[in-house]
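J.: the amino acid sequence is not available; the structure is as follows:
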């Protein structure tokens, strides 16, 4: 069976969204012929094979609201042979056009709703997204044969999906448990020495430094921790994005100023993007990983799965989608009301001192519930049920 993914971004680009699609495509390629139609944003190739996945790239003529646009996108999709189209969104004029064309060709279509559009800090962006939700977005999900969301609670509260719950299949994010695994004491010790963290307790954030991630509240909470726990240090791993993505973000500048206050100076390190091969070591080094998100741009939180797979407990915001990750397991992590800096500081401190006791539980929880081998079976069953 031929499966075609339609996604505006794909490897070698990295991020929670991109990594999930890549991992899924590569695992599915063991059973299906998988191809991906995406945009040529940072690659020199229009067609290449990456880990058994055929990747086709279209050069965009314009980028609007961070969405690439290309006049020949539909013609490129029309040239590809597939039995099932799998569109990934919410990406206007990408995921929707892909669904529309699949229906014109009388092909079964799956639509994965990764996140709502009206979840940013930009008023203009949200107004455009709200208009899209009420018009094209609803038509798109009407036409899809099946809708995938990563959690029930996110679907129930989504302005696009909530009226189509009868078509929704909940399939959570996956984690590569052979890649994200507890690292050797030697690797962890070496990273500690390089970061000058010997004898320190480490709080870790992994993700883009953007408003919906709520990093400012983590900084405030860490300021409260620093007053009573002088050996705690905060590491922030991830890039920043300005209006044109390459700009220096005003939000990032604000976060840096907060971290340079007198009581936090020398206790917060901004490491930027780190090599993917080193991420498991960072997770293993940390005593807790924190996801303090405050907006629905955070629909699940793949970093939580990566941390747990490496044996490190987590603290996250109690939000739709994110609040289903732990499945009621209070040993491997805890939830805090978004923006509650006092509650966040208390939860972080508690989990830090529990890490050594819960490492094996964290790893077992991730493998049992979120390994790619476990989750991919749900996709296999879905594709085979709707394919002609």
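T.: Now that the structure is in, tell me what you want to look at. Bear in mind that the values here come from a model prediction, so they are computed numbers and not experimental data. Numbers count the residues shown, from 1 in each chain.
J.: how far off centre is stretch 269-287?
T.: 16 Å (Cα atoms, centre = their mean, to the nearest Å).
J.: what's the mean pLDDT across it?
T.: With pLDDT averaged residue by residue, stretch 269-287 scores 95.
J.: buried set for that stretch?
T.: Under the neighbour-count criterion of 16 or more other Cβ atoms under 10 Å, stretch 269-287 has 270, 279, 280, 281, 282, 283, 284, 285, 286, 287 buried. The C-beta positions use only the backbone N, C-alpha and C, and glycine is treated the same way.
J.: between the residues you listed, which is closest to residue 21?
T.: Out of the buried residues of stretch 269-287, the one with the shortest distance to residue 21 is residue 279. That distance is 17.6 Å, counting by Cβ to Cβ.
J.: what's the neighbour count on residue 337?
T.: Other residues near residue 337 number 11, with proximity taken as other Cβ atoms under 10 Å.
J.: just the buried residues of stretch 269-287: which are in strands?
T.: When DSSP state E is applied, the buried residues of stretch 269-287 are split such that residue 270 fall in strands.
J.: between the buried residues of stretch 269-287, which sits nearest residue 104?
T.: The closest of the buried residues of stretch 269-287 to residue 104 turns out to be residue 279 (Cβ to Cβ; 41.3 Å).
J.: the closest one contacts residue 306, doesn't it?
T.: Yes. At 6.9 Å, residue 279 counts as touching residue 306 under the criterion of Cβ atoms under 8 Å.
J.: what touches both of those two?
T.: Both residue 279 and residue 306 are contacted by 180, 206, under the criterion Cβ atoms under 8 Å, 6 or more residues apart in numbering.
J.: considering the buried residues of stretch 269-287, which is situated nearest to residue 157?
T.: Distance ranking of the buried residues of stretch 269-287 against residue 157, using Cβ to Cβ, places residue 283 first at 29.3 Å.
J.: contacting residues around that closest one?
T.: Residues counted as contacts of residue 283 (Cβ under 8 Å, 6+ apart) are 180, 204, 206, 289, 306, 307, 309, 310, 311, 312.
J.: tell me the domain ranges of this protein?
T.: Per automatic domain parsing, the structural domains of the chain span 2-172+372-386, 185-370.
J.: ok, residue 197 - how many residues close by?
T.: When neighbours are counted by other Cβ under 10 Å, residue 197 registers 17.
J.: if we ignore the residues flanking it in sequence, what's nearest it?
T.: The shortest distance from residue 197 to any residue that is not its chain neighbour, by Cβ to Cβ, 6 or more residues apart in numbering, is 6.0 Å, and that residue is residue 233.
J.: just to check, the one you found is in contact with residue 200?
T.: Yes. Counting by Cβ under 8 Å, residue 233 sits close enough to residue 200 to count as a contact (4.9 Å).
J.: more crowded one of these two?
T.: Neighbour count, other Cβ under 10 Å: between residue 233 and residue 200, residue 233 has more, with 21 against 16.
J.: quickly list what the more buried one is bridged to.
T.: Residue 233 has these beta-bridge partners by DSSP bridges: residue 202.
J.: what residues are up against it?
T.: Taking Cβ under 8 Å, 6+ apart, one finds 197, 200, 201, 202, 203, 267, 268, 269 in contact with residue 233.
J.: ok, the last one - contacts?
T.: The one in question is residue 269. The contact partners of residue 269, by Cβ under 8 Å, 6+ apart, come to 195, 233, 234, 235, 236.
J.: in three-state terms, label residue 335 for me.
T.: strand (DSSP: H, G, I helix; E, B strand; the rest coil).
J.: list phi and psi for the residue lying closest to it once chain neighbours are set aside.
T.: Taking Cβ to Cβ, 6+ apart, and ignoring the residues beside it in sequence, residue 335 has residue 318 as its nearest neighbour in space, at 4.0 Å. Geometry field for residue 318 lists phi and psi as phi -80, psi 90, criterion degrees, to the nearest 10.
J.: counting by contacts, list what the helix or strand where residue 376 lies packs against.
T.: Using DSSP states H and E, the element containing residue 376 is helix 372-386. For helix 372-386, the elements it packs on are helix 16-28, strand 109-113, strand 146-149, judged by 3 or more Cβ pairs under 8 Å, 6 or more residues apart in numbering; DSSP states H and E.
J.: which other helices and strands does the first one contact?
T.: With contacts defined as 3+ Cβ pairs under 8 Å, 6+ apart, the packing partners of helix 16-28 are strand 2-6, strand 33-39, strand 53-58, helix 302-309, helix 372-386.
J.: right, and these - which one's nearest residue 117?
T.: Here strand 2-6 is closest among the helices and strands packed on helix 16-28 (Cβ to Cβ), at 16.7 Å.
J.: which helices and strands does that closest one pack with?
T.: Here strand 2-6 touches helix 16-28, strand 33-39, strand 84-89, going by 3+ Cβ pairs under 8 Å, 6+ apart.
J.: and the longest one, average pLDDT?
T.: The pLDDT scores in helix 16-28 average 94.
J.: how far does that helix sit from the chain's center?
T.: For helix 16-28, the distance from its own C-alpha centre to the chain's C-alpha centre is 11 Å (Cα atoms, centre = their mean).
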